[in-house]
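> Next one to model:
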Amino acid sequence: MDRVSSETDERIALLIDLVDAAIERKQWDEAYDQLSQILAARPDHPEALGLLAHVERRRKRSQPRLEAERRTVTVVFCDLVGSSKMAERLDPEEMQEILSWYQRIVGEAVTSAGGLIARFMGDGVLVYFGYPHATGEAPRQAAHAALTIIQQIGERRADIVDTYGAMVDVRIGIHTGLAVITEMGAGNRREVADVVGETPNIAARLQEIAEPGTVLISGETYGLLAGHFETLPRGPRQLKNITRTVAAFQVVAASGVAWRSQRGDVASRTPLVGRTSEHRKLEAIRDHVVAGKGRVLAISGEAGVGKSRLVEMVMTETAAGWPTLHAACAPHTQSTPFHPIGSIVASGGRESLHSALGIRPDDFSSTAAAREAVLDAAVSWVLGFAGDAPALLVLEDIHWSDPSTLEFLVRLARRVAEKRLLVVVSLRPELQPGWFKHDSVEQIFVLPLERDLVVEMIGKLVGAEQPPAELVDWLVDRSGGERSSSRS
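Predicted structure coming up:
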């Protein structure tokens, strides 16, 4: 009995050493397992009991944990049509090559549009837009990505037919709505464990009823696209395992609408409150331009604080009646040089950028000399558009601009004072280029409204003297404002 006890003591001493080593390496699970062995042999071992409390605390703190968040998200389901039949007649390696090709196209389109690939499921791909970073552009980004996928598959379909003898196509479903997103992880190491709610289910069911080569969206997503896309109504649909009827629309193409106020969205209907100082500054800038000293106005602020509303006020009040050019940048065009400039030219009534600028299509090559030619021609064209009367150029969301367009703005800012031209750009505050310090550049920083101003705005919008406090708190939180009712 003494020999057995001695062997147990020796084993426990060895385990205590291993526990100490595991704690030093912060291997809490390993330390816990070894302490469990010690206490199984000696339940009252004082040192093991003392270490166990410490290890349990650290082990619990370091374990991945689930955190749920309720938020609006746009979910996209993409499916490779007929993949099961293809798999029956193709060699497994050939089928894997087709799947890799398809997943690469989807991945590139989603990433460039600002989406998150949640899961590859063989022939299916699950995608989130508006997560992890919430954005009002999520439905628009999702639709652009979907159309890009359809286009890319179509352009390369003949290669797949020639190589594998297989006809490939995709169908896509998109829905925007509330969901509970469960994150797993600790500290900076987090990943999406699941998205719970009817939102992913509706997207999946829309994908199932979409025709090959088409994108089908819900009525909720359709309402949020607000004129950015050409669509066809596909009627109310009863989707599998969805109790309510869902309105369905097919996305055909991007409409080309660039400026936010063209879309007839909520911004154009929102009463302007609490912006007296901004209004005075706009009047002073207008006076400078009318006097022949052009200006660049940079309207900066976080998403949702009212930049678009101020831009609209410039259009409808400050520069009402002026000849106008307008365009917008977007996540899916960041890698396309001069894309907004092409839209600006189109808004001036010209069909092609190179014909408007008086340069050859070859000048759009990637050489430095060609880029210089386009930049100089673009600046001269805009200045020429201004003429002798006051004119307006609006370029929204330049935080999504390509480098060539930003360089165009640098050069325009240097020469804008030559003309009666007001250049208005909107952007988020993370972009603060050095050329903003130029004498011709004015800035307006749009800050969130305080609570009492939010109450006033909602009251004017819905005709209620005292809107529900919960609604006000929600809007204040979403816009980053203060719940305090005091004004500074």
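
> so Leu395 sits right up against Ile341, yeah?
No - assessed by Cβ atoms under 8 Å, Leu395 is found out of contact with Ile341, at 9.0 Å. Quick note: C-beta positions are derived from backbone N, CA and C, even for glycine.

> where exactly do the strands run in the stretch 151-300 of the chain?
Remark: strands assigned in the stretch 151-300 of the chain by DSSP state E, counting those that start in this stretch are 170-186, 189-196, 215-218, 229-238, 245-254, 295-300.

> now, of those strands, which is deepest in the fold?
strand 215-218 (a mean of 29; mean count of other Cβ atoms under 10 Å).

> That strand pairs with which strands, and in what direction?
According to DSSP bridges, strand 215-218 has the following sheet partners: strand 170-186 (parallel), strand 245-254 (antiparallel).

> Quickly, which of these bottoms out on average pLDDT?
Among those, strand 170-186 carries the lowest mean pLDDT, a mean of 80.

> From the chain's centroid, how far away is that strand?
Relative to its chain's centre, strand 170-186 lies at 14 Å (Cα atoms, centre = their mean, to the nearest Å).

> what's the answer for stretch 206-217, then?
23 Å.

> Stretch 29-37 too?
With Cα atoms, centre = their mean, you get 45 Å for stretch 29-37.

> just to revisit the earlier point, so can I have a markdown table of the strands of the stretch 151-300 of the chain showing distance to Glu155?
Converted to a markdown table, the strands of the stretch 151-300 of the chain look like this (distance: least, Cβ to Cβ, whole Å):
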| stretch | distance to Glu155 |
| --- | --- |
| strand 170-186 | 13 |
| strand 189-196 | 31 |
| strand 215-218 | 16 |
| strand 229-238 | 20 |
| strand 245-254 | 15 |
| strand 295-300 | 38 |
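
> okay, and the common contacts of Leu395 and Ile341?
Ala327, Thr405 (Cβ atoms under 8 Å, 6 or more residues apart in numbering).

> show me where the stretch 351-488 of the chain has strands.
Using DSSP E, counting those that start in this stretch, the strands of the stretch 351-488 of the chain run over residues 391-396, 421-427, 441-445.

> what's next to the longest one, contact-wise?
It refers to strand 421-427. Applying Cβ under 8 Å, 6+ apart, the contact partners of strand 421-427 are 285-286, 289, 294-300, 307-308, 310-311, 314, 318-319, 322, 382-383, 386, 390-399, 409, 412-413, 416.

> Now render the strands of the stretch 351-488 of the chain as a markdown table, adding mean neighbour count, distance to Gly114 and mean pLDDT.
Below are the strands of the stretch 351-488 of the chain laid out as a markdown table (neighbours: other Cβ atoms under 10 Å; distance: least, Cβ to Cβ, whole Å; pLDDT from 0 to 100):
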| stretch | mean neighbour count | distance to Gly114 | mean pLDDT |
| --- | --- | --- | --- |
| strand 391-396 | 25 | 16 | 91 |
| strand 421-427 | 26 | 16 | 92 |
| strand 441-445 | 16 | 24 | 89 |
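
> Adding distance to Glu30, write those out as TSV.
Compiled in TSV, the strands of the stretch 351-488 of the chain are given as follows (distance: least, Cβ to Cβ, whole Å):
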stretch	distance to Glu30
strand 391-396	55
strand 421-427	51
strand 441-445	53
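
> which ones are touching the spatially closest residue to Val73 that is not a sequence neighbour?
In this structure, Val73 finds its nearest non-sequential neighbour in Gly130, 4.7 Å apart by Cβ to Cβ, 6 or more residues apart in numbering. Counting by Cβ under 8 Å, 6+ apart, Gly130 makes contact with Arg71, Thr72, Val73, Thr74, Ala138, Thr176.

> Now, these that are in helices?
The helices, defined by DSSP state H, take in Ala138 from the contacts of Gly130.

> ChimeraX command for the buried members of the contacts of Gly130?
Selection command for ChimeraX covering only the buried members of the contacts of Gly130, criterion 16 or more other Cβ atoms under 10 Å:
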select :72,73,74,138,176
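
> hang on, isn't Met86 packed against Ala166?
Yes - counting by Cβ under 8 Å, Met86 touches Ala166, with 5.1 Å between them.

> Can you work out which residues contact both of those two?
Here Met86 and Ala166 share the contacting residues Ile98, scored by Cβ under 8 Å, 6+ apart.

> ok, and the closest non-adjacent residue to Gln443?
Using Cβ to Cβ, 6+ apart, the closest residue to Gln443 is Ala298 (4.8 Å).
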